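Asker: Could you look at this predicted model? Sequence included:
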Amino acid sequence: MEHFYKNHRIEISVWLDNNGWFVSSFIYYQVEGTNILQTFSLSEKFATYDGAVRAGLAAAQKWIDEKSEP
């Protein structure tokens, strides 16, 4: 699943393991012409696919917002 937020491209990867959904976020952006990839996974297990996607997207947007603060 791909989203765009504040000039960043966010990809969310969700997988099912042991009766729960897990999520990783991949954030692509540029700084002075250099492509950068930031990745992280949430340690939580989610009951639904949609819940995992929403949590991964919210975490990625939070990371972007905090990175952008002066």
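Answerer: Structure received. Numbers count the residues shown, from 1 in each chain.
Asker: the strands in this structure, which residues?
Answerer: For the chain, the strands identified by DSSP state E occupy 2-5, 8-17, 20-31, 34-41, in order along the chain.
Asker: hang on, isn't Q30 packed against R9?
Answerer: No. Assessed by CB atoms under 8 Å, Q30 is found out of contact with R9, at 10.0 Å. (C-beta placed from N, C-alpha, C; glycine too.)
Asker: Those two - which one has more neighbours?
Answerer: Using other CB atoms under 10 Å as the criterion, Q30 and R9 rank with R9 on top: 13 against 10.
Asker: Spit out the contact partners of the nearest residue to the more buried one once chain neighbours are set aside.
Answerer: Among residues not flanking R9 along the chain, Y28 sits closest, at 4.3 Å (CB to CB, 6 or more residues apart in numbering). Residues counted as contacts of Y28 (CB atoms under 8 Å, 6 or more residues apart in numbering) are 8-11, 35-37.
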